[in-house]
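Got a predicted structure here, sequence first:
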Amino acid sequence: MFARIALEVPISAWFDYAVPPDWRAGLQPFDWVWVPWGKGRRLGLFLSYEASSEVPQAKLKTLIGPARDAPAMPASWQALVRFASRYYHRSIGEIGLPAIPKPLRQPGPLSAGSTALERAQRRARTVLSSSVATVPSPPPALTPAQQAVLATLRPAAEAGGYQPFLLFGVTGSGKTEVYLAWFEQLLARHPRAQVLLMVPEISLTPRLVAQVRARFPEQDTVVLHSGLADMERSAAWLTAAEGRARIVIGTRLSVLTPLPGLAGIVVDEEHDPSFKQPDAAFSSARDLALALGSIAAVPVLLASATPSLESWQAAAKGRYQLLRLPERATGAAMPQIRLVKPAPREVAGLGLSPASAQAIEEALARDEQVLVFLNRRGYAPVLYCMHCGWLSQCSHCSAYRVLHKIKGRYRLICHHCSQTLQVPRQCPQCGATHLEPLGQGTQAMEESLARRFPGARIRRVDRDVAQRKGAVETIFEEIQSGEADLLLGTQMLAKGHDFPKLRLVVVLDCDGALYSGDFRARERLFATLMQVAGRAGRAAPVAGAAQAQVIIETRFHEDPMFAALRAQDYEQFAAQELAEREGVGFPPFCHQALLRARSPSMEKALDWLARARALGEPLLAEGGPVMHDPVPMPMARLANQSRAQLLIESPTRPRLHAFLRQWLDVLRQQAPAFASDLAWQLEMDPLEI
Ligand code: ADP
Ligand code: ZN
Ligand code: ZN
């Protein structure tokens, strides 16, 4: 008798093991089992018993046994892993095992001593009881719009069953209150009901977690994200998997948490690209949330002020039920958006246009907070030799090394391969001794602002600041309590925050996306600008106060995207953009997959893709998918690897999957012979092409 086991190894969909006599029965699908691997052992998921195996008897190893005290994986989790495995064309082990926190997968002592699992279980017992006591906060009276949305959501909460909703609510419309009120309905369904709240990034919304805990002080709430210490995450994961945590707040990886009592899912900021990441087989956590809703027969609420065009289209077609919150919950007006030209380069010393500088000065004089948005960290994006034109190109990547100032010293850092170098004293090309920073990043802007507005308490927020533990949290508190005046930051400051004193937003240098070759760049820019604009003027209006303001510095005032932005009319933008995509047949009007190859040589990568393409040609059906030519990726070189891609497009999903299944089978068998030193991967529904 044999056991078929899924492992986190890409070479095979499963591995067969002989079963010791005492384990000839009793293993259930997806039970955690230990198998021998090399000199050690690894965790696998049991798939099935088999009467025969193709592995020669002599090579066959014997299963070690089930993992002690492992939680049972609920049927919905098993089905979701199977679905994701089919959809993303990965093995069950590649999808299911990374979803289990690392310490729980690591082999511990076999007999004596406690395993990581047992330690996490002990920790889990205390994790809930020791969670900080929160002051309960009663809900505000809901606005009529919030009430109407909840009236539509209530039947779905009470009856259960899969139903997808898209909540389209402007920034500040009080979406969070809707989630909280809906959770109350969902948690009332049964005594072990669980809800899942997915957010793009937890560290950026510390208030959200506090809000949830304050509203549900009686319910165990756990938080799951990759920033947690291993044991902490394992313990939180276990309380969720054992059904004890009733509210789970998590980032993209939380969608694959086993939740035996799942009653409903909310995906906040559903458009956010961070729900899709190169980990977990390039899966989209938003799409998996919908799949999970359908599998577990529970309602799913996607929410955004700027829904992804895919979701918007699905709502237009009636596949999702559209819910609207068209106004701010506090009664505040939407801010006024103004476009101004950036300062010409010669007078760019400050890096701000005169109009922006004046508006900032006036706002500070009124004792209002100001947010300057510059989505570029570091001191300057590139170092330049005025004499010969040398630029600080990274020698391993198709990118410039960025000038950074670290503890008063300048360094050149590549944001892609992280290589850090001293700044050369002389131009490496011509020997000239004067090298100039070109353009401004947040560090330089911070210095400029400090010179221009000497009295202002300036706070910078970007990934560099965030490296210091607790730094960003402290700054968010200072902003809330009014101990900061002038905020400067990247994306990290744009998302989700509710800063009541903030009444002016200035956006710098956002034009890059307008001439990017990526067809989703405009959608992303529009969403970012709406989000960052949405930080201004959220608090209840004060009599006599002027309208909150947003100033956007751009050279492209005539671009139709800005007309929609100034009107703060997402629907106008979506209509424009969808019409354009329909015209050229881009998603959501077609379905895409990317085959990627990377190798030290670009020639090799392109050649490999060309041969892969030739193998696929005979499998293409009439009216089915088409394969484009292999091309270098937009970021053609990364850490000394050349990267190329081949785009596959299909009018329908089933045809795409049918083709990919056949093609990948052939590739897995034949492709290893094409080239050594080459890695390849398939990405479904790529966000960037
Ligand atoms: P969104 O997530 O839609 O951008 P938030 O949920 O952050 O908006 O809410 C914006 C602001 O409106 C918050 O300060 C919140 O406390 C407030 N708010 C939400 N609902 C109400 C309500 N019913 N009455 C008064 N204020 C509300
Ligand atoms: Zn030079
Ligand atoms: Zn590099």
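Nice, thanks for sending it over. Ligands and ions are numbered 1, 2, ... in the order given.

what does the stretch 451-600 of the chain put close to ligand 2?
Nowhere does the stretch 451-600 of the chain come near ligand 2, counting by Cβ under 5 Å from the ion. In short, each C-beta sits where N, CA and C put it, glycine included.

Which stretches in the stretch 451-600 of the chain count as strands?
In the stretch 451-600 of the chain, the strands defined using DSSP state E, counting those that start in this stretch lie at 458-461, 486-489, 502-507, 549-553, 591-599.

what comes into contact with the last one?
When you say that, I think you mean strand 591-599. The contact list for strand 591-599, computed with Cβ atoms under 8 Å, 6 or more residues apart in numbering, reads 605-606, 608-609, 612, 630, 633, 638, 641-653, 656, 660, 675, 677-686, 689.

run the last query once more with 7 Å
With contact meaning Cβ atoms under 7 Å, 6 or more residues apart in numbering, strand 591-599 is reached by 605, 608-609, 612, 641-650, 652-653, 656, 660, 675, 677-686, 689.

does residue 638 have beta-bridge partners, and which?
With DSSP bridges applied, residue 638 shows beta-bridge pairing to residue 641.

PyMOL command for the buried members of the contacts of strand 591-599?
Buried residues within these, by 16 or more other Cβ atoms under 10 Å, are selected in PyMOL with:
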select buried, resi 605+608+609+612+641+642+643+644+645+646+647+648+649+650+656+660+675+678+680+682+683+684+685+686+689
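
The contacts of strand 591-599 in helices, which ones?
Members of the contacts of strand 591-599 lying in helices (criterion: DSSP state H): 605, 608, 609, 612, 653, 656, 660.

Can you tell me the closest non-neighbouring residue to the last one?
The spatially closest residue to residue 660, leaving aside those adjacent along the chain, is residue 89, at 5.7 Å (Cβ to Cβ, 6 or more residues apart in numbering).

Over to residue 540?
Residue 540 sits nearest to residue 330 (Cβ to Cβ, 6+ apart), 4.3 Å away.

and the one you found, how many residues sit next to it?
Residue 330: 17 surrounding residues under other Cβ atoms under 10 Å.

Tell me who's in contact with it.
So residue 330 contacts 172, 538, 539, 540 (Cβ under 7 Å, 6+ apart).

about what we covered before: which two of the ones in helices among the contacts of strand 591-599 lie the greatest distance from each other?
Greatest spatial distance among the ones in helices among the contacts of strand 591-599 (Cβ to Cβ): 605 and 653, at 27.5 Å.

Am I right that residue 650 is in contact with residue 627?
No - the criterion here is Cβ atoms under 7 Å, and residue 650 misses it with residue 627 at 10.0 Å.

Please identify the nearest residue in space to the most centrally placed residue in the chain, excluding sequence neighbours.
Geometric centre of the chain, nearest residue: residue 274, 1.4 Å, by Cα atoms, centre = their mean. Sequence neighbours aside, residue 200 is the residue nearest to residue 274 in space, at 4.5 Å (criterion: Cβ to Cβ, 6+ apart).

before we move on, the earlier item: tell me the secondary structure for the residue nearest to residue 540?
Three-state assignment for residue 330 (DSSP: H, G, I helix; E, B strand; the rest coil): coil.

how near is it to ligand 2?
55 Å (Cβ to the ion, to the nearest Å).

who in this protein is up against ligand 2?
Residues of the chain lying near ligand 2 (Cβ under 5 Å from the ion): 385, 387, 388, 390, 427, 429, 430, 432.

let's see it at 8 Å
385-390, 427-432, 435 (Cβ under 8 Å from the ion).

Show me how to select, in ChimeraX, the buried members of those residues.
Entered in ChimeraX, the line below selects the buried ones among the residues of the chain next to ligand 2, by 16+ other Cβ under 10 Å:
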select :385,390,427,435
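
Just put the residues of the chain next to ligand 2 in a markdown table and tack on secondary structure and pLDDT.
Output for those, formatted as a markdown table (DSSP: H, G, I helix; E, B strand; the rest coil; pLDDT from 0 to 100):
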| residue | secondary structure | pLDDT |
| --- | --- | --- |
| 385 | strand | 95 |
| 386 | coil | 92 |
| 387 | coil | 94 |
| 388 | coil | 95 |
| 389 | coil | 95 |
| 390 | coil | 96 |
| 427 | coil | 96 |
| 428 | coil | 95 |
| 429 | coil | 95 |
| 430 | coil | 96 |
| 431 | coil | 95 |
| 432 | coil | 94 |
| 435 | strand | 93 |
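
roughly how far apart are residue 236 and ligand 1?
24 Å (Cβ to the nearest ligand atom, to the nearest Å).

and that residue, that one's in a helix?
Yes - counting by three-state DSSP, residue 236 is part of a helix.

so where does the residue nearest to it when sequence neighbours are not counted fall, helix or strand?
Leaving aside its sequence neighbours, residue 236 sits nearest to residue 222 (Cβ to Cβ, 6+ apart; 4.1 Å). Element membership for residue 222, per DSSP states H and E: strand 221-224.

Tell me the gap between that strand and the middle of its chain.
18 Å (Cα atoms, centre = their mean, to the nearest Å).

Kindly report the same for stretch 333-346.
29 Å.

Now look at it and say if it contacts ligand 1.
No - Stretch 333-346 stays out of contact with ligand 1 when judged by Cβ under 6 Å from any ligand atom, the minimum separation being 11.5 Å.

Sort out which residues of that stretch are buried, please.
334, 335, 336, 337, 339, 340, 342, 343.

what does the model give residue 347 for pLDDT?
Looking at residue 347, its pLDDT stands at 53.

now swap in residue 118 and tell me
On the pLDDT scale, residue 118 gets 77.

ditto for residue 570
For residue 570, the model assigns a pLDDT of 97.

low-confidence ranges in the stretch 201-350 of the chain?
280, 345-350 (pLDDT under 70).

now do 90
201-207, 210, 218-219, 225-232, 277-282, 343-350 (pLDDT under 90).

All the strands of it, in order from the start?
221-224, 247-250, 262-267, 299-304, 321-325, 336-340.
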